[in-house]
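S.K.: here's a sequence, model it:
(2 chains)
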Amino acid sequence: MTSDGPDLHTLVGAYVLDAVSADERARFSAHLAGCSACRAEIGELREAAASLGTAQAVRPRPEVREAAIKAARVTGQLAPVLSRNDLTTSRRGQASGSRAIRWVAAAAAAIAVAGGVAAGTHYADMRGQQSRPVPGTVSDVMLARDAVMRSAPVRTGGMAIVVASQRKHMAVFIAHGLRALPRTRRYELWLMGPRGERPAGLLTVSAGGMAGPAVISGVSAGDMVGLTIEPASGSLKPTSAPVVMIDGQGR
Amino acid sequence: MTGGDRGRSRAVLGGGARGAHGPARRLDGLLTDVARGDEHAYEAVYDLASGWVLGAARKVLRDPAMAEEVMQEVMLEVWRRASRFDPALGSGTAWVMTLAHRRAVDRVRSERSHADRELRAATAVIDYDDVTEAVEASLERERVRRCLASLTPLQRECVSLAYYGGYTYAEVAGLLGVPAGTVKTRMRDGLIRLRDCLGYRGCNDDIGRP
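M.R.: Predicted structure coming up:
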C-alpha cells in the first residue's frame, strides 16, 4: 500500500490506454516504481492493449524500409541500466568500471539537469557560496582510467555515491533520496583522514533529495568522504557523527 | 488467408497468450540483440513490427503520411531504446506497441490542439470494424474483434475512444456525457475483460518479484 491512496490506482486502465494527461502519466509512472502490484497488472493489461494495435496491422510502403535502416545506423543507442546491485560493490578495471561510470555520469547529468545546473558542476564552499569549478572536472574523474565507484546508504535516508580517481587525488560525490533538512541545517561534506577533518563543501539538495555532483580534490590515501548535518552556515569541524562515510579512493 | 502475400502475413498474424503473440515470440530475443547494436536483428525487428506500429498509428492519426512518419520515429526509438526492454516485465510486442501508441497519441493530441473544435468532434467517430486498410483478414484481427464485442457497450466505447481515438479519460467523459470516474473504471474493466478474453491473464506472474 502506498501513500498515493486509492485514487491513483483507478488510473491503471486509462494509463495503459495512454488516456491520461502528461502530468498524470508522470505521476503514475513515479507511483509504478514503488508498486509491484500495479506493475504486474500493467504488464498484463499492456499485452491486451498491444493486441488492439497489432490487430490493425497495415503493410508499410517498401520504400521507407531503407530509410529506417539507414537512420538506425547513424543513431546512438541508450546504454543498459545497471541494477542497484551493480552499484554496491567497488569495481576495479576498465570494463565494468566504465559501464558503472556511464551510469553514474548519466545520473550526474540527470541530477545536474534536474537541479537546474548547466553543463559544469557546482559546489558550495564553507560560506555556502556556490562556485563553479573548471568545466570538465567531473568528467575528468569519471573518465579517469583508474576510476572506481562505491556507494553506501545514508543513515538518515538516501544513497551516496563516490567516484574516485586515485591518480588524480580527486573524488566526485553524488547523492539521491536525501532527507529534506530544516532551513537551519545543511548537509556538509568532509574529507576525513589521518591528518584530521577538512571541510569539502556544503551540499545543495534539490527536490527529490538529489545533491551533487560535488568535486573533492586533494584526496590522499586513507581519506574518507564523510557527510554530516551541520548548522546552515556550515562548520569548521564536524559537530556530529557522519551519516555516511565512503573511502575517498574507492577502496 | 487470401492468396496475396504469404511472406508478409507472418508479420500480421497474432497468437494467443503472452510469449505467444504468434511468431512475434522471437521478437524478445531479437530486441536483446538489437540492444547490442546488431543491425541485422534490427532489420528483422523492423520487418516484424513496423506493420503493427503503422496500423496503430493509422487508426489514431488517420492521415497516412503522418502515420508513416510516426511509424518511422517509433522504429528508430525501438533501435535507440532496445536496452530498456526488460523481458521480465512483458513481451517485446507489448513493449514496442507501448512506444508506438504513446507516440501516436502524443502526435494526434499535438495536431488536435491546432485544429478546429468541430473537426475534433467529427473525428471522434471510431469504427473498430473498419477493414478497408487491412492487409487481410487475420486471425488476430478476428480474435480482437470478437473480444471487443464481449465488452459492454460503454466499456467498448471507452476503450476504443482511448486507444483508437487518442482521447484522455476526461475528454471521453465529455464526449460521452458520462462522469470521469465512470470512464476510468470502464477503461480498466474493459481492459481486464479483453485481457481475460485474449488469454493474457497470469502471463506476467513473475513481475514485481525481486
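
S.K.: A:Lys237: how many residues sit nearby?
M.R.: Counted by other Cβ atoms under 10 Å in any protein chain shown, the residues lying close to A:Lys237 total 11. All C-beta atoms are positioned from the backbone trio N, CA, C, and that covers glycine.

S.K.: which residues touch it?
M.R.: A:Glu197 (Cβ atoms under 8 Å, 6 or more residues apart in numbering or on different chains).

S.K.: for it, give its distance to B:Val144.
M.R.: 69 Å (Cβ to Cβ, to the nearest Å).

S.K.: again with A:Ala30
M.R.: Where B:Val144 is concerned, A:Ala30 sits at a distance of 31 Å (Cβ to Cβ).

S.K.: more crowded one of the two?
M.R.: Using other Cβ under 10 Å, the more surrounded residue of A:Ala30 and B:Val144 is B:Val144, with 23 against 13.

S.K.: hang on, isn't that one packed against B:Leu198?
M.R.: Yes: the criterion here is Cβ atoms under 8 Å, and B:Val144 meets it with B:Leu198 at 7.3 Å.

S.K.: name the surrounding residues that touch the host helix or strand of B:Lys184.
M.R.: Here B:Lys184, judged by DSSP states H and E, is contained in helix B:180-198. By Cβ under 8 Å, 6+ apart, the residues outside helix B:180-198 that reach it are A:10-14, A:16-17, A:19, A:44-45, A:47-49, A:51-52, B:16-17, B:143-144, B:146-148, B:150-152, B:154-159, B:162, B:169-170, B:172-173, B:176, B:201.

S.K.: could you dump it to PDB, C-alpha only?
M.R.: C-alpha atoms of helix B:180-198 as PDB (Å, rounded to 0.1, in the frame of the first residue of the first chain):
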ATOM      1  CA  ALA B 180     -14.800  10.900 -15.400                       C
ATOM      2  CA  GLY B 181     -14.700   8.400 -12.600                       C
ATOM      3  CA  THR B 182     -17.100   6.100 -14.500                       C
ATOM      4  CA  VAL B 183     -14.900   6.400 -17.600                       C
ATOM      5  CA  LYS B 184     -11.800   5.400 -15.700                       C
ATOM      6  CA  THR B 185     -13.500   2.400 -14.200                       C
ATOM      7  CA  ARG B 186     -14.900   1.300 -17.600                       C
ATOM      8  CA  MET B 187     -11.400   1.600 -19.100                       C
ATOM      9  CA  ARG B 188     -10.000  -0.600 -16.500                       C
ATOM     10  CA  ASP B 189     -12.800  -3.100 -16.500                       C
ATOM     11  CA  GLY B 190     -12.800  -3.200 -20.300                       C
ATOM     12  CA  LEU B 191      -9.100  -3.900 -20.500                       C
ATOM     13  CA  ILE B 192      -9.400  -6.600 -17.900                       C
ATOM     14  CA  ARG B 193     -12.100  -8.300 -19.900                       C
ATOM     15  CA  LEU B 194     -10.000  -8.000 -23.000                       C
ATOM     16  CA  ARG B 195      -7.100  -9.400 -21.100                       C
ATOM     17  CA  ASP B 196      -9.100 -12.400 -20.000                       C
ATOM     18  CA  CYS B 197     -10.700 -13.000 -23.400                       C
ATOM     19  CA  LEU B 198      -7.400 -12.800 -25.200                       C
END
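
S.K.: where exactly do the strands run in chain A?
M.R.: Here chain A has its strands, by DSSP state E, at A:123-124, A:130-131, A:148-153, A:159-165, A:170-176, A:185-193, A:196-202, A:205-206, A:210-217, A:224-231, A:244-247.

S.K.: with distance to chain B as added columns, please give the ones you listed in CSV.
M.R.: Output for the strands of chain A, formatted as CSV (distance: least, Cβ to the nearest Cβ, whole Å):
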stretch, distance to chain B
strand A:123-124, 32
strand A:130-131, 34
strand A:148-153, 17
strand A:159-165, 17
strand A:170-176, 20
strand A:185-193, 30
strand A:196-202, 34
strand A:205-206, 25
strand A:210-217, 21
strand A:224-231, 28
strand A:244-247, 24
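
S.K.: now those as a markdown table including mean neighbour count and mean pLDDT?
M.R.: Formatted as a markdown table, the strands of chain A follow (neighbours: other Cβ atoms under 10 Å in any protein chain shown; pLDDT from 0 to 100):
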| stretch | mean neighbour count | mean pLDDT |
| --- | --- | --- |
| strand A:123-124 | 22 | 37 |
| strand A:130-131 | 10 | 44 |
| strand A:148-153 | 20 | 84 |
| strand A:159-165 | 25 | 88 |
| strand A:170-176 | 25 | 89 |
| strand A:185-193 | 21 | 92 |
| strand A:196-202 | 19 | 89 |
| strand A:205-206 | 18 | 85 |
| strand A:210-217 | 23 | 86 |
| strand A:224-231 | 21 | 93 |
| strand A:244-247 | 21 | 91 |
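
S.K.: dump these to TSV, plus distance to B:Asp38.
M.R.: Below are the strands of chain A laid out as TSV (distance: least, Cβ to Cβ, whole Å):
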stretch	distance to B:Asp38
strand A:123-124	42
strand A:130-131	45
strand A:148-153	29
strand A:159-165	31
strand A:170-176	33
strand A:185-193	44
strand A:196-202	45
strand A:205-206	39
strand A:210-217	34
strand A:224-231	41
strand A:244-247	38
